[in-house]
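Peer 1: can't give you the sequence, but here's the structure:
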C-alpha cells in the first residue's frame, strides 16, 4: 500500500491523497517525505493545471505522530541537535512547497486537521471542508507553542488577528460550519460529496488560461507579503501586461463571447 497516492481522475487535475488512515494521516516522516516528493513531482507535470490534496479515512491530517517517532531519513552519524534541525526542516518546507507549485492547490478537508495538519491546509490556495472537518492548533495542547509551519503568518491573514489569537491560545476545536463563517474555508459540503466538489471546482479553474491562473496564484501569495498598495499595483500591472502582450488570450476570450462558446486559451 502506497502512503501517498497520485491519481488523475479528470483531465488536467492531479489528486494527491495521504493514505495512512489507521493513524489519521499523522505527520510521520514515512508519510511527509513522500508527500514533499509528490508536491515536487506534480508541480513539474505540465499536463496538471490544478491539484487537490486530501486524506483517506476519518482525518485529513492529525498532526504530529505521537506513537511512531522514527527519525527523518539520512541521519546516520548526526548528533541529536542536528537530527532535530533536519527533522524540522523537512516539515517546515511543506507549506512553502505548496506555494511554489505552479498550479492552484485545493485542500479537500475530511475530518481532523490538527496541529501540523491545520498548518498544511493553510498552504493550499483554496480550502473546501467536509461536514466532519475540524481544525485545532494543537501545539498549545501539547505544552508547546501553537506557532509552527507558518501558522502565525498565515492564519491571521486568512481570518484576522483576533480570531487567530483566540484559536491559537485556546487550543479549541473549530468545526466546519464555524470555519466557513470566519472564512477559514470557502464552503462546507457533505463528506461523501467532498472530492466531487473539489474536482468540479478544479474543472472550472482548468477552463481558464493556465498561464493566467498560475500567475494569479503567484500574485496572490506575493500580495500577502507586499508592504503597500502602490507596490501591489506595480506588480499586478507588470504581470497583466506580460500576459496581455505575450499571448492571444484576450482576443480569444472576445471571439468566444461573440460566438457563444467556451474560450480555448492557447497561452
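Peer 2: Structure's in. What do you need? Computed from a prediction, not measured in an experiment: that's the story for all the values here. Numbers count the residues shown, from 1 in each chain.
Peer 1: Which stretches in the stretch 101-250 of the chain count as helices?
Peer 2: 116-122, 151-159, 161-170, 176-181, 194-206, 210-224, 229-246, 249-259 (DSSP state H, counting those that start in this stretch).
Peer 1: Now for the residue lying closest to residue 179 once chain neighbours are set aside: which residues touch it?
Peer 2: Nearest-residue entry for residue 179: residue 185, 4.7 Å, with adjacent residues in sequence omitted and distances by Cβ to Cβ, 6 or more residues apart in numbering. Using the backbone N, CA and C atoms, a C-beta is placed for each residue, glycine as well. Residues near residue 185 by Cβ atoms under 8 Å, 6 or more residues apart in numbering: 109, 127-129, 133, 176, 179.
Peer 1: Using CSV, lay out those together with distance to residue 236, pLDDT and neighbour count.
Peer 2: Output for the contacts of residue 185, formatted as CSV (distance: Cβ to Cβ, whole Å; pLDDT from 0 to 100; neighbours: other Cβ atoms under 10 Å):
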residue, distance to residue 236, pLDDT, neighbour count
109, 30, 98, 33
127, 24, 98, 26
128, 27, 98, 26
129, 30, 98, 30
133, 33, 98, 30
176, 33, 98, 24
179, 29, 98, 24
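Peer 1: Serialize those residues to TSV and add fields for distance to residue 147.
Peer 2: What follows is the contacts of residue 185, written out as TSV (distance: Cβ to Cβ, whole Å):
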residue	distance to residue 147
109	21
127	20
128	26
129	23
133	22
176	24
179	19
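Peer 1: Strands - which of those residues land there?
Peer 2: 109, 127-129 (DSSP state E).
Peer 1: before we move on, the earlier item: how far away is the residue nearest to residue 179 from residue 177?
Peer 2: Remark: distance between residue 185 and residue 177 (Cβ to Cβ, to the nearest Å) = 10 Å.
Peer 1: cool, residue 248 as well?
Peer 2: For residue 248 relative to residue 177 (Cβ to Cβ), the value is 45 Å.
Peer 1: Count the residues that sit near residue 85.
Peer 2: 12 (other Cβ atoms under 10 Å).
Peer 1: again, but for residue 173
Peer 2: Neighbour tally, residue 173, other Cβ under 10 Å: 14.
Peer 1: quick one, domains of this structure?
Peer 2: 4-206, 210-259 (automatic domain parsing).
Peer 1: Can you read off the pLDDT for residue 1?
Peer 2: Residue 1 carries a pLDDT score of 69 in this model.
Peer 1: same thing with the one 4 residues further on?
Peer 2: At residue 5, the model reports a pLDDT of 97.
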